[in-house]
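Visitor: Sequence and predicted structure are below.
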Amino acid sequence: MFDQLFQHLNQIKDRKINSLFDQDKDRVSKFSIFQEDLYFDFSKTNIDEKALKLLINLAKSRRIFEARDAMFRGEPINSSEGRAVLHTALRDLNGSPVYVDQTDVMPSILQTLEKMMLFAERIRSGQFTGQGGAITDVVNIGIGGSDLGPSMVVEALSPYHDGPNCHFISNVDGAHIHDVLSKLNPETTFIIIASKTFTTSETMRNAQTAYSWMSKKVDKAHLQFAAVSSAVQKTDEFGISRDLVFGFEDWVGGRYSLWGPIGLSIIIALGANAFKLLLSGAHEIDTHFKTADMQENLPVILALVGIWHNQICDYSTRTVLPYDQRLSKLPAYFQQLEMESNGKGVDLDGSPLSFHSGPVVWGEPGTNGQHAFFQLLHQGTRIIPCEFLVASESHEAYLDHHHKSLLSNCFAQSEALMRGRSFKEISSMLSSGQMKQDEFEKQAKHRVFPGNRPSTTLLYPKLTPKILGKIIALYEHRVFVEGKILGINSFDQWGVELGKELATDLEKVFIDGSESKDLNSSTENLIKIAKAMRQ
């Protein structure tokens, strides 16, 4: 199936995307999808009807829907770890039975959610107090999925933030925890330690520092900590009451975990109703993914566009461009979601892949990116597909003129990337008097835009909790579909282990002077010079 796509690409590779609109007046309707209040336009790509048919046939040959159904049934599709993949169950407020090892997991999920919401309300209402009175600040200490998800959501939904101030600490760099805690009052601060195993090295280092910081001012019998963890013995040892421990199962991966107890900080910041709307939006996409035909299935089509660009066209990177300042962390969130999930080198059987796996994902909010890296997007030698996301209206009605400018910039960039500007058009500027002769001679070739740069646009009414839930779930399922097409396991992450193991050994070299063993001479020398600089 890949061979047919490569053959088709070879036939059309010099074709201009713009020409497709001239050939088919209905192109926009054929290459766009409405999923209620989400509108996805992929017409500004070089995918034509034949390419789309081949891509859909590829998805069918990989039995995408059968794999999807197995995931929702709770089968152990994370084959290398023998685990189910059921983050989708966390957002099913209907409580429809979902079985893992013949046990319905939904009662436990809903019970934990109720416990989270009740506790969050106690903090929000002032019923739960610190040594200094009502809680004014909540600090979430985690890393990876235990940090990126909740921190991204809290920032994205700041118009709904009516609870205590929320802060997030992830980096083991002491500067991070210092800069956060130094501005807070320990007597009115509540700290959440988010680590499923309660052993994550960076998180536990930061947790111990936070414990020391708080215990200087707060009586040890009343230290204000909660844990999001399943390791209750370790949380006992840390001194956290089991009433304040919120556990989750091993069938929820870290980068898919904001929907459950990892989202505790979200509920405290935004309230239970907003969190339920976030869940309901995600569940709506789950339902769409389970029921929509393949050619109208938003996660499937989004994945197929990604496969076309990465595996077929060999565009090894893509940029995520949210035209929304509050989504500034979304590119990093998608970066982890895609690169940790699909950055693999072997297939499900452990055989080396014969093609590239997932793409490099990066991005920044528009319009800032326009004044940073868009130069390369428009005129660089590499073609980088762009994924625009934008709301049709903002929360700030009195600043609607700003939002109209934002929309104009977003739509103009996708148009300019596709259209480009030829040397002939530059020459017409000279003949029309818009450019002087000496300027033309110096600048003409520098002002040519090759165009033919593909992009997609995801448009939605306003960034609400429900809409954000839909966007996140859409990209989660996109990653799943891409992984299945590539024949890899999207739900393990062994690639993070080796560096962590080596770091644990090396830490002893700096802390207690242990001898380093079996290290490259470059690393040995770096250790030697770092020690000398510290003296």
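Guide: Ah, there it is.
Visitor: For Ile268, which non-adjacent residue is closest in space?
Guide: Computed as Cβ to Cβ, 6 or more residues apart in numbering, the closest residue to Ile268 that is not its neighbour in sequence is Ala120, at 4.6 Å. Yep, even glycine has a C-beta here, placed from its N, CA and C like the rest.
Visitor: Touching, Ala207 and Gly239? I think so.
Guide: No: the criterion here is Cβ atoms under 8 Å, and Ala207 misses it with Gly239 at 11.0 Å.
Visitor: neighbour-wise, which of these two wins?
Guide: More crowded of Ala207 and Gly239, by other Cβ atoms under 10 Å: Ala207, with 25 against 12.
Visitor: Now do the SS call for that one.
Guide: With DSSP: H, G, I helix; E, B strand; the rest coil as the basis, Ala207 sits in helix.
Visitor: so how far does stretch 21-39 reach from one end to the other?
Guide: 19 Å (Cα to Cα, to the nearest Å).
Visitor: Doesn't the residue nearest to Ile268 belong to a helix?
Guide: Yes: assessed with three-state DSSP, Ala120 lies in a helix.
Visitor: what's the neighbour count on it?
Guide: Here the count is done by other Cβ under 10 Å, and Ala120 has 25 residues near it.
Visitor: For it, give its distance to Ser61.
Guide: Using Cβ to Cβ, to the nearest Å, one gets 46 Å for the distance from Ala120 to Ser61.
Visitor: and if you look at Pro385?
Guide: In this view, Pro385 and Ser61 are 24 Å apart by Cβ to Cβ.
Visitor: quick one, which of the two is more surrounded?
Guide: Between Pro385 and Ser61, Pro385 has the larger neighbour count (other Cβ under 10 Å), namely 23 against 10.
Visitor: Ile307 is in contact with that one, correct?
Guide: No: applying Cβ under 8 Å, one finds Pro385 not in contact with Ile307, separated by 11.5 Å.
Visitor: Point out the other helices and strands that the longest helix belonging to the chain packs with.
Guide: Looking across the chain with DSSP state H, the single longest helix is helix 465-486. Packing partners of helix 465-486 (3 or more Cβ pairs under 8 Å, 6 or more residues apart in numbering; DSSP states H and E): strand 38-41, helix 49-61, helix 64-73, helix 272-291, helix 298-307, helix 330-342, strand 455-460.
Visitor: The ones you listed: which one's closest to Ala194?
Guide: Of all the helices and strands packed on helix 465-486, it is helix 330-342 that lies closest to Ala194, at 14.9 Å by Cβ to Cβ.
Visitor: Pull out the buried residues from the closest one.
Guide: Neighbour counts over helix 330-342 (16 or more other Cβ atoms under 10 Å) mark 330-342 as buried.
Visitor: for stretch 145-161, same thing?
Guide: Going by neighbour count (16+ other Cβ under 10 Å), the buried part of stretch 145-161 is 145-157, 159-161.
Visitor: cool, and stretch 51-67?
Guide: Ala51, Leu52, Leu54, Leu55, Ile56, Leu58, Ala59, Arg62, Ile64, Phe65, Ala67.
Visitor: what would these look like in TSV with pLDDT and distance to Leu498?
Guide: Formatted as TSV, those follow (pLDDT from 0 to 100; distance: Cβ to Cβ, whole Å):
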residue	pLDDT	distance to Leu498
Ala51	98	39
Leu52	98	40
Leu54	98	38
Leu55	98	35
Ile56	98	38
Leu58	97	33
Ala59	97	33
Arg62	96	30
Ile64	97	32
Phe65	98	36
Ala67	97	29
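Visitor: Is it possible to get a markdown table of those that adds distance to Leu376?
Guide: A markdown table is the format used below for those (distance: Cβ to Cβ, whole Å):
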| residue | distance to Leu376 |
| --- | --- |
| Ala51 | 26 |
| Leu52 | 29 |
| Leu54 | 30 |
| Leu55 | 27 |
| Ile56 | 32 |
| Leu58 | 30 |
| Ala59 | 32 |
| Arg62 | 33 |
| Ile64 | 34 |
| Phe65 | 38 |
| Ala67 | 36 |
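Visitor: mind checking the SS state of the nearest residue to Lys276 once chain neighbours are set aside?
Guide: Spatial nearest neighbour of Lys276, chain neighbours left out: Leu93 (6.5 Å); criterion: Cβ to Cβ, 6+ apart. Three-state call for Leu93 (three-state DSSP): coil.
Visitor: pLDDT score for Leu430?
Guide: Predicted confidence (pLDDT) at Leu430: the value is 68.
Visitor: Pull stretch 140-158 out as CSV, backbone CA atoms only.
Guide: Extracted in CSV, the C-alpha atoms of stretch 140-158 (Å, rounded to 0.1, in the frame of the first residue of the first chain):
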residue,chain,number,x,y,z
ASN,A,140,1.7,20.7,41.5
ILE,A,141,5.1,18.9,41.6
GLY,A,142,5.4,16.4,38.7
ILE,A,143,7.2,15.9,35.4
GLY,A,144,6.3,14.8,31.9
GLY,A,145,2.6,13.8,31.8
SER,A,146,2.2,14.6,35.5
ASP,A,147,3.1,18.2,34.7
LEU,A,148,2.5,19.1,31.0
GLY,A,149,-1.2,18.1,31.0
PRO,A,150,-2.5,20.0,34.0
SER,A,151,-0.2,23.0,33.5
MET,A,152,-1.2,23.3,29.9
VAL,A,153,-4.9,23.1,30.7
VAL,A,154,-4.9,25.5,33.6
GLU,A,155,-3.1,28.1,31.4
ALA,A,156,-5.4,27.5,28.4
LEU,A,157,-8.5,27.9,30.5
SER,A,158,-7.5,30.9,32.6
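Visitor: Report the rounded mean pLDDT for it.
Guide: Average pLDDT, stretch 140-158: 97.
Visitor: just stretch 215-233 next, same as before
Guide: What stretch 215-233 shows for mean pLDDT is 93.
Visitor: going forward, begin numbering at 6 instead of 1
Guide: Happy to do that; since the first residue is 6 now, the last one works out to stretch 220-238.
Visitor: How far does that stretch sit from its chain's centre?
Guide: Remark: stretch 220-238 is offset 30 Å from the chain centroid, using Cα atoms, centre = their mean, to the nearest Å.
Visitor: Please apply the same query to stretch 167-177.
Guide: Using Cα atoms, centre = their mean, the offset of stretch 167-177 from its chain centre is 18 Å.
Visitor: Restricting to C-alpha, output that stretch in PDB.
Guide: Extracted in PDB, the C-alpha atoms of stretch 167-177 (Å, rounded to 0.1, in the frame of the first residue of the first chain):
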ATOM      1  CA  ASP A 167     -11.700  31.100  40.000                       C
ATOM      2  CA  GLY A 168      -9.800  29.000  42.500                       C
ATOM      3  CA  PRO A 169      -6.500  29.400  44.300                       C
ATOM      4  CA  ASN A 170      -3.400  30.300  42.300                       C
ATOM      5  CA  CYS A 171      -1.900  27.300  40.700                       C
ATOM      6  CA  HIS A 172       1.900  26.800  40.200                       C
ATOM      7  CA  PHE A 173       3.700  23.900  38.500                       C
ATOM      8  CA  ILE A 174       7.200  22.600  39.300                       C
ATOM      9  CA  SER A 175       8.800  20.000  37.100                       C
ATOM     10  CA  ASN A 176      12.500  20.600  36.400                       C
ATOM     11  CA  VAL A 177      15.000  19.300  38.900                       C
END
